[in-house]
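Enquirer: Have a look at this prediction, sequence included:
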2 protein chains.
Amino acid sequence: MTHLESLFAFLRFQSVSADPAYRSQVSECAEWLSRRFAAMGLESVAWPTAGHPVVLARSRPRPGLRTLLIYGHYDVQPVDPLALWKTPPFEPRVEEGKIYARGAADNKGQIMAHLLGVEELLKAGKELPVNVIFLVEGEEEVGSPHLEAFLREHGGELRPDIIAISDTGMVAPGIPSLTYGLRGVLAMEVRLRGAAHDLHSGIYGGMVPNPATLLARLIATLHDESFRVAVPGFYDAVLPLAEWERREWAALPLDDAALCASSESRALFGEAGFTPLERVWARPTAEVNGIGGGYQGEGSKTVLPGEAFAKLTFRLVPDQTPAEIEAKVRAHLQAHTPPEVTLEISPGHGGEPFLCDPNSPDGLAARRAVARTWGREPALIREGGSIPILQTFRRLLKTDILLLGLALPDCAAHAPNENFPVENLEAGIRLNQALLEELARV
Amino acid sequence: MTHLESLFAFLRFQSVSADPAYRSQVSECAEWLSRRFAAMGLESVAWPTAGHPVVLARSRPRPGLRTLLIYGHYDVQPVDPLALWKTPPFEPRVEEGKIYARGAADNKGQIMAHLLGVEELLKAGKELPVNVIFLVEGEEEVGSPHLEAFLREHGGELRPDIIAISDTGMVAPGIPSLTYGLRGVLAMEVRLRGAAHDLHSGIYGGMVPNPATLLARLIATLHDESFRVAVPGFYDAVLPLAEWERREWAALPLDDAALCASSESRALFGEAGFTPLERVWARPTAEVNGIGGGYQGEGSKTVLPGEAFAKLTFRLVPDQTPAEIEAKVRAHLQAHTPPEVTLEISPGHGGEPFLCDPNSPDGLAARRAVARTWGREPALIREGGSIPILQTFRRLLKTDILLLGLALPDCAAHAPNENFPVENLEAGIRLNQALLEELARV
């Protein structure tokens, strides 16, 4: 079976974790993957959970060797809107050097590269330079609801020295990347209530508070004129950017035009004093994800809304914490809400920001592995999104994490026509092998 | 037939103008009303229009007499939510001195009072002291779309000296009211566009403009700290309140507690330096009637909206005009929109504010008629809403308008359990007769 045939077999499983209609396909994918690990000579089990199974496979432990845990997921996003796919999402194909299928980049292609790298070494009769554990879950796309319980139950036996996760991206084609930081997140919903119901804006306009107007004014207090977040103490715990980070990022081929193109925006915008990449990767934000109140249909209706709401998220950076920021934002919102309306704050999900040291021994090992694979040093980057499970791993397994992404910016993860270059599959296999060797030397 | 029987017959017609399912009932109501006027001895026709008929009835013109045009409408609002009516909306009944039925207050009870007043005089064999024209349309509740065309066609024959409209309210029970001012209105929808579609708030948050955040900031520029409208020149044409107006209104039994109760608000709010009544009756406003953008469902979705919109209305007072205010608001919004987002302004409906002089000869005549009817001078009030047809009348018939409302604040117009006191029906009959006499003396 060729590398591509192996990946295609993996991609044909319709392992959509979000939709109960695909439950048996998800299970079959887990069983197939577990058998595949077993056939390589690993000890492998598809562990049942309260949700979808976790595939846990490990090489025969050899004392004195370090242990690498490779995390990934075999579940995929739903395929809607199906009509926008050029070919069926679960019938993988290659076109112009790219593999098209749901899950090609996120995350089956990347986890298969690790699998094939280890398999090749074992097939060649070589001893693995480190003990290897694969932990491949089936619920990443629905927020990993059972991963923490699984780690609490099985984590004690795992005891990895280092974790590798290939579920992030390369900053640009041809630029291998080591992601050493991610933002955290704090979500909340804010609601202002005025009158018990919508009122006639002629009869009452000017007399009673308008929660939509006052909500807009409240949101406007979140930023100052330079678009810094104006919540008192918001930046207290923010680690300043290091000079090397600013230098490294400024050298990346991600100028304003490229960022406008990738975001389909006419223009960039944000906090003064920082470049767009710095703002997204290393600066916290306050964003309105949704706002609503009053009449939203066609034409006009002369009402004063009885209430209005906004859904907010704050992206956090090291060393901010969701709890600290929630307290500060609450105090700010309360201080800026006129007493004539009622303020309700419903806290949503939170996730800690993540930062590891790309100059640690393991970080340097990962960078050497990347350099051997691509013939160039990896770009040292952060990302703006959040991967909450990183903190779970850190907390429960007490070890550091290497984020070695192979997906390209135009991989269309979570979108129609998801794709992954064949050359990145092959590079991923070599990267895995180099990584095992380099980590063994630490 | 008693007064009540006459009104009940009128109220039983399900003359809902907004719903095509009631079209024949609307027509039958017009025909019934026209026959009723004819039976009184008036020349009456239910004129067809492109929509519902206009009933036009006139007393035999006597040269040398002044001519009063009485305007009203025989159409009613829809009855939804029907479940909240204590008894069926088209089966009128009296309970504790109040007539309950759809249209009881708005406007059948009031127009019937005028009809019965004239009818009584004619039945008693008296000559009417002024020539009387009834113009009762069937589309007031849907914005009078064909009234202007009707007035253009027939207005030349009408030539009234004065118009009386009893479609407003009494400021409080037992306080007859002459409404001499109404606010105008200017509606517009404002939309900010950023990226071509919603973006991931982790990947792009901080880098690209957030139209929801920027819309909130834009709305926040509409008012200053004292909640005055901060659009430059907004107050240029505003007539200052006269001392007598402030004094008159301060004496009304409408304190903050009463206004909170009637609006079901916890507290009042608005422009500093004016009382709540002054703000609603004589001060212009900028209100958000609706706002929307991004994710509005349950929980959270970490998107940056691609666009956000607000529906705004500006209530105008004499001598502001919709055209003047639209130009000023447009300039203000453009000046405060960052160039990184696109601003779209869609103008909506507009209506001029209305003001007539309660001390004019006709105004004084109306006040004498009220005083004779109720044994007390009417409160001289304005209202916060807009009646766009007033300007149409003024423009096309070139005469002034008296607003003599008989509806109580709790009449539930446009709501379930609409009602009208029997005593106001009787008072309305006497008011009509006194008004004809007093207007004849001008």
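Expert: The structure has been received and is ready for your questions. Numbering: from 1, shown residues only, chains lettered A, B, ... in the order given.

Enquirer: all contacts plus neighbour counts: C-alpha atoms, from now on.
Expert: Noted.

Enquirer: close enough to count as contact, residue A:287 and residue B:210?
Expert: Yes: Residue A:287 lies in contact with residue B:210 (Cα atoms under 8 Å); the separation is 7.3 Å.

Enquirer: How about the secondary structure of the closest residue in space to residue A:44 that isn't next to it in sequence?
Expert: Leaving aside its chain neighbours, residue A:44 sits nearest to residue A:57 (4.0 Å; criterion: Cα to Cα, 6 or more residues apart in numbering or on different chains). Put simply, residue A:57 is strand when judged by DSSP: H, G, I helix; E, B strand; the rest coil.

Enquirer: Now do the contacts for the residue lying farthest from the centre of chain A.
Expert: Among residues of chain A, the one most distant from the C-alpha centroid is residue A:203; the distance is 49.8 Å, by Cα atoms, centre = their mean. Residues in contact with residue A:203, defined by Cα atoms under 8 Å, 6 or more residues apart in numbering or on different chains, are B:280, B:383-385.

Enquirer: ok, now residue A:429?
Expert: A:113-117.

Enquirer: element containing the residue farthest from the centre of chain A?
Expert: Using DSSP states H and E, residue A:203 sits in helix A:201-204.

Enquirer: Turn the contacts of residue A:429 into CSV, including neighbour count.
Expert: Compiled in CSV, the contacts of residue A:429 are given as follows (neighbours: other Cα atoms under 10 Å in any protein chain shown):
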residue, neighbour count
A:113, 26
A:114, 25
A:115, 21
A:116, 24
A:117, 23
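
Enquirer: From those residues, pick the one nearest residue B:338.
Expert: Using Cα to Cα, residue A:113 comes nearest to residue B:338 of the contacts of residue A:429, at 46.1 Å.

Enquirer: Name the residues of the helix or strand harbouring residue A:261 that come out as buried.
Expert: For residue A:261, the host element (DSSP H and E) is helix A:256-263. Neighbour counts over helix A:256-263 (16 or more other Cα atoms under 10 Å in any protein chain shown) mark A:259-260, A:263 as buried.

Enquirer: Check stretch A:71-84 too.
Expert: Buried-residue list, stretch A:71-84, by 16+ other Cα under 10 Å: A:71-79.

Enquirer: filter those down to the ones near chain B?
Expert: Here nothing survives when these are matched to chain B using Cα under 8 Å from any Cα of the partner chain.

Enquirer: any bit of the helix or strand harbouring residue A:290 sitting next to chain B?
Expert: Assigned by DSSP H and E, residue A:290 falls within strand A:285-294. Yes: remark: strand A:285-294 sits within contact range of chain B at A:285, A:287-294, by Cα under 8 Å from any Cα.

Enquirer: Can you name the element that comes right after that strand?
Expert: Per DSSP H and E, the first helix or strand lying C-terminal to strand A:285-294 is strand A:303-304.

Enquirer: Can you list the strands that the helix or strand following that following strand pairs with?
Expert: Moving toward the C-terminus from strand A:303-304, the next helix or strand (DSSP H and E) is strand A:307-316. Sheet pairing of strand A:307-316 (DSSP bridges) gives strand A:184-193 (antiparallel), strand A:285-294 (antiparallel).

Enquirer: Could you pull up the mean pLDDT of strand A:307-316?
Expert: Mean pLDDT, strand A:307-316: 97.

Enquirer: rewinding a little: among the contacts of residue A:203, which are in strands?
Expert: residue B:383 (DSSP state E).

Enquirer: which one of the contacts of residue A:203 has the most neighbours?
Expert: Greatest neighbour count in these, by other Cα atoms under 10 Å in any protein chain shown, goes to residue B:384: 30 neighbours.

Enquirer: if I look at that residue, how far off is residue B:279?
Expert: 9 Å (Cα to Cα, to the nearest Å).

Enquirer: can you check residue A:305 too?
Expert: 18 Å.

Enquirer: Neighbour count: the two, which is higher?
Expert: A count of neighbours by other Cα under 10 Å puts residue A:305 above the other of residue A:305 and residue B:279, at 29 against 22.
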